[in-house]
Every structure is written in C-alpha cells, then in structure tokens.
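Enquirer: how would this look folded up:
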Amino acid sequence: MKVENLKIIDITEEGNGVAKKDNLVYFAEDTVIDEIVDIEVLEKKKNFIIGKRIRTVEKSSYRINSKCEYAKVCTGCTMQETDYSKELELKKNLVKNQISRIGNFNVDNTNIIGLENPCNFRNKIELKVDSKCNLGYYYKKSHKLISIDKCIVASIAINKVMKKISNLVKKYNIEGYEHKTNKGIIKNITIRSNYLNEIQLTLTVAKENFSNKKELFEELEQIEEIIELYYSVNKKKNNEFMGEEVNLIYSKKEFIDMIGDYKFKISPKSFFQVNSKNTKKLYDIALKQMDLKGTEKLLDLYCGIGTTTIYFGNKTKEAIGVEIVKDAVKDANYNKELNNIKNVKFIHGKSENEIEKLLKDDIDIVVVDPPRKGLDRNLIEILGKSKINKIEYISCNPGTFSRDLKYLKEYEFEIKEIELCDMFPNTMHVECVALIERK
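Expert: Presented below is the predicted three-dimensional model:
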C-alpha cells in the first residue's frame, strides 16, 4: 500500500519523519524535515501508520548528501542526510516539547552546544560478526548485518584498527554468533579509543574454547594500537552483552583517557561518555550551573568510574560518589589516586538504596546522571522529602528526564537553568543538563 504527498512536519526521537493526513499520523523512515514524500506502508495501527519513503515529491532544503557510504542501509545514524544546524534546532524543539508535554514546564529557547565537525567523535563502538566473518552493525530491529569497512562517527584510531581486526577474524574464520541456530563464536566486538589513540579491545564470545583462539589472540597482540585485550564468555542464547566475567588476555599499559586535566582508567564494563569532543563541555555546563564555591558537600549518584565526582568534587569541600557496578567503583578509587584527589570517596551500591542514609550527612547538592530509564520513583520521593534544595540533573533521555521533572515538581522543585549538549550527532538523541531548585 502506498500513501502519496505527505509533508514531513517534525522528526521523532528515533529519527523518523512525522506527517498528518486524513486524521491519521504517519511516521516515515528515511525522511527529512520539510520535504514532501510518497511512502510505502509497513505497519498500520489504529491511530497511526508506519512507512518508508519510496519517492521524494519535493526535496527539502535541509537534505544533504551524507559523507557516510552506508547511510542508505545502516540505520545507526538516522540524521546523516539532514543539515547539522537544522538537526540541532530539531533537538532543541524536541526537548522543549517533551518538557512541556510530559514535565508540565515551559522552557524558553535554550542553548545547545554542537560540534564544528560531527564526525569521528565516538571513542567506543560495538560491532557484530556474521557467519561469513564480516564485521558491521545490525540493521534496525533485526539481526541482519550491514557489513562495514569504516564508521565516520567513530574515532580515526578505531577506524584504523577496525580493518586490522576484520582481517584477522576472516583469516582465522572466526564466525559470528547466529541467533536462529545458536551457533557461531563472536557475539560482540567492543572497541574503545583514548586521547593517545590507543585501543582497548573486548571480544564477547559464545563459548570458552574455539578453533584458532590462541592464534587470533597472538596476532591481535601484535597490533601496535591495541594496548589491552579482553574476552568475555556469554553462553546465554540470544544475549550479546558481556558475560559476568571479563578476562584480561594482555595489557601493554593501562588504558587511560582524559577529560580536561583529569585522567581516568576505564575497565571494559565501565561507563564513559562516548563523545570525546564534547564531554568536557558537558561537564563545564554543569559546573557553571552549580556555581560551586568550594564549601559544598556534593553527592553524586550513578557516578560510574568517578568522572563527574572527581571533575565536580575538586571544586567542593567534599564529594561522595555512588555506583552499582563493582568494577567501576574499583576504577573510581584508582582514578581518585591517579588525580591526587583527597576530598572524594566512593560507595559501592544502588543509588536508590544508599541515598536516604547519605542525605542525613548535610549534603548541599545532589548530582544525578542516571541511565536512559531515568530516576527510580522511590529515589525521587526520598529527594523530595529531604532538605535538599539543589539537584544537578544530567540526562541522555529527554523523555524520562521530563517525566522525572514532573515528579520533582510535586515537591516544589523547578528548572532554574537548562542547556543542551550534543553528545550524539547524526541522531536525534541529545544530552540535557539542568539545575533544578526548590522554590
């Protein structure tokens, strides 16, 4: 079924175009704002239709030719063919609308920090392997592999080493894991780069022993850029995340990255902001909003390897970081010593479980940088009933951020300042940084 002459009036967070016709809403893949298209209907629901562009009737002035040769087939970067300045404007509108609709707050035009060149900014990618030993990304909502030789959003160092890894996987015929048959070896290849263009490589495999394992690891060790090699066994069917244990094969030196003047050791499972170009700007926005005087006691929830606790804590009297991942806490304590920071401490535990007792210790400001699912409702209730008047909220998900704002509003909190930082160019994802104060 085909629908003709749809005007794209908005873009969703998933990067799909939005159109309206005959009291129906259309979500159209592979479209750009302001263009008129014909679509093929892929799925029909009661109040909306999902489709894909099959013809451009009238081209948008914001459509550009992507620098990525895989833009037509790879769905990882949904905004590759939209002018970047327009992408930033769309992100601002998305956040403003979600805060208004979900959070019931009105936000005036807010600033967004973009990139001069939205390429080669990612310091981490995760690749899959197919049965023919090709490396690439999965096509959206499938396990069909898009084979790639390079990724324009990944760092130059990652692109350089990707080809070498690909050659070895093919040389030793290390097949990718197949979901339908539950056969194959490689489930995931995680490649990280740092400020020195060094590489940390982690292979997630379906079983402990496989043909040519020894030879593969020995040749990977010969690749100069790879300073740390890990592997993790995950035997669970259809699960591609790293297993519980991550095993070190070799380490030529510690894998360390930097944010501003601070150094951070990173373990394979630990969270670290993926945008090397904008992370310092993100944290500096938060520092500016908090306006720390050096006398505060700061509580940093979901602190990971201690990046925000250390970056912010050095401007305070004392800072406490809470993190659920044990390896991340280990890294955080190491990073405290690495940066010679004396006024910071870290606690291993769930933020929701630790917050109540920690708030009894005269905390002045709480920093939260939760995963995409946002804050636990019980945690919000504890914050609301506490004496805390200032919360610095860093969010990678405007939807859950807006929901949490609505809950915090019940306890007389309101947005004091908000700014956006583009950590995910070529997509509609964006980072929100907000100072929330009680009235």
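Enquirer: can you count the residues close to E240?
Expert: Here the number of neighbours of E240 (other C-beta atoms under 10 Å) works out to 17. Heads up, the C-betas are built off the backbone N, CA and C, glycines and all.
Enquirer: now T295. Nearest residue, chain neighbours left out?
Expert: Computed as C-beta to C-beta, 6 or more residues apart in numbering, the closest residue to T295 that is not its neighbour in sequence is K317, at 5.3 Å.
Enquirer: so that neighbour is in contact with L292, correct?
Expert: No: in this structure K317 lies outside contact range of L292 using C-beta atoms under 8 Å: 9.3 Å.
Enquirer: which residues does L301 contact?
Expert: V322, S351, I355, V366, V367, V368, D369, P370, L379 (C-beta atoms under 8 Å, 6 or more residues apart in numbering).
Enquirer: now with 10 Å, please.
Expert: 308-309, 320-323, 350-352, 354-355, 358, 366-370, 375-376, 379, 383, 391 (C-beta atoms under 10 Å, 6 or more residues apart in numbering).
Enquirer: leaving out chain neighbours, which residue sits closest to it?
Expert: S351 (4.0 Å).
Enquirer: report the contact partners of that neighbour.
Expert: With C-beta under 10 Å, 6+ apart, S351 has these contacts: 299-303, 321-324, 358, 366, 368, 370, 375-376, 379.
Enquirer: my read: E126 touches I186, true?
Expert: No: E126 lies out of contact with I186 (C-beta atoms under 10 Å); the separation is 11.5 Å.
Enquirer: what do those two both touch?
Expert: Shared contacts of E126 and I186, counting by C-beta under 10 Å, 6+ apart, come down to T204, E240.
Enquirer: quick one: buried ones out of the contacts of L301?
Expert: Neighbour counting by 16 or more other C-beta atoms under 10 Å classes 308-309, 320-323, 351-352, 354-355, 358, 366-370, 375-376, 379, 383, 391 among the contacts of L301 as buried.
Enquirer: so which of these sit within helices?
Expert: Counting by DSSP state H, the part of the buried ones among the contacts of L301 found in helices is T308, T309, S351, E352, E354, I355, L358, L379, L383.
Enquirer: so which of those residues comes closest to N167?
Expert: T308 (38.5 Å; C-beta to C-beta).
Enquirer: next one: that closest one from L435, what distance?
Expert: Per C-beta to C-beta, to the nearest Å, T308 is found 14 Å from L435.
Enquirer: what does I33 give?
Expert: 31 Å.
Enquirer: swap in K160?
Expert: Distance from K160 to L435, by C-beta to C-beta: 40 Å.
Enquirer: look at the two and report which has more neighbours.
Expert: Legend: neighbour count by other C-beta under 10 Å for K160 and L435, higher for L435 (20 against 16).
Enquirer: now the more buried one. Nearest residue, chain neighbours left out?
Expert: Q289 (4.0 Å).
Enquirer: and that neighbour, that one's in a strand?
Expert: No: under DSSP: H, G, I helix; E, B strand; the rest coil, Q289 falls outside any strand and is assigned helix.
Enquirer: shouldn't it be in contact with L282?
Expert: No: counting by C-beta under 10 Å, Q289 stays clear of L282, with 11.4 Å between them.
Enquirer: so what sits against both of the two?
Expert: E419, V433.
Enquirer: out of these two, which sits in the more crowded spot?
Expert: Between Q289 and L282, L282 has the larger neighbour count (other C-beta under 10 Å), namely 24 against 19.
Enquirer: these two touch, right, the more buried one and N275?
Expert: Yes: between L282 and N275 there is a contact under C-beta under 10 Å: 8.0 Å.
Enquirer: okay, and the common contacts of these two?
Expert: With C-beta under 10 Å, 6+ apart as the test, L282 and N275 both reach C421, D422, M423, E431.
Enquirer: make JSON lines out of the residues you listed and add pLDDT, secondary structure and neighbour count.
Expert: Below are the shared contacts of L282 and N275 laid out as JSON lines (pLDDT from 0 to 100; DSSP: H, G, I helix; E, B strand; the rest coil; neighbours: other C-beta atoms under 10 Å):
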{"residue": "C421", "pLDDT": "98", "secondary structure": "strand", "neighbour count": "24"}
{"residue": "D422", "pLDDT": "98", "secondary structure": "coil", "neighbour count": "25"}
{"residue": "M423", "pLDDT": "97", "secondary structure": "coil", "neighbour count": "22"}
{"residue": "E431", "pLDDT": "97", "secondary structure": "strand", "neighbour count": "28"}
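Enquirer: which two among the residues you listed are spaced furthest apart?
Expert: Of all pairs in the shared contacts of L282 and N275, the most separated under C-beta to C-beta is D422 and E431 at 7.4 Å.
Enquirer: residues shared between the contacts of the two?
Expert: K91, I112, I113, N275, N278, K281, L282.
Enquirer: which one's the longest helix in the chain?
Expert: Counting residues, the longest helix found in the chain (DSSP H) is helix 84-101.
Enquirer: so how far is that one off the chain centroid?
Expert: 18 Å (C-alpha atoms, centre = their mean, to the nearest Å).
Enquirer: any buried residues in that helix, and which?
Expert: So, applying 16+ other C-beta under 10 Å, buried residues of helix 84-101: Y84, K86, E87, L88, L90, K91, K92, L94, V95, K96, Q98, I99.
Enquirer: repeat for stretch 236-245
Expert: Buried residues in stretch 236-245 (16+ other C-beta under 10 Å): E240, M242, G243.
Enquirer: quick one: the first one and H179 touch, right?
Expert: Meaning E240. Yes: between E240 and H179 there is a contact under C-beta under 10 Å: 9.1 Å.
Enquirer: all strands of the stretch 51-200 of the chain, in order?
Expert: 112-113, 124-129, 135-138, 145-147, 186-193, 199-205 (DSSP state E, counting those that start in this stretch).
Enquirer: got CSV for those, with mean neighbour count, mean pLDDT and distance to K72 too?
Expert: Shown next, in CSV, are those (neighbours: other C-beta atoms under 10 Å; pLDDT from 0 to 100; distance: least, C-beta to C-beta, whole Å):
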stretch, mean neighbour count, mean pLDDT, distance to K72
strand 112-113, 18, 98, 28
strand 124-129, 21, 96, 19
strand 135-138, 21, 94, 14
strand 145-147, 18, 93, 10
strand 186-193, 23, 97, 24
strand 199-205, 24, 98, 29
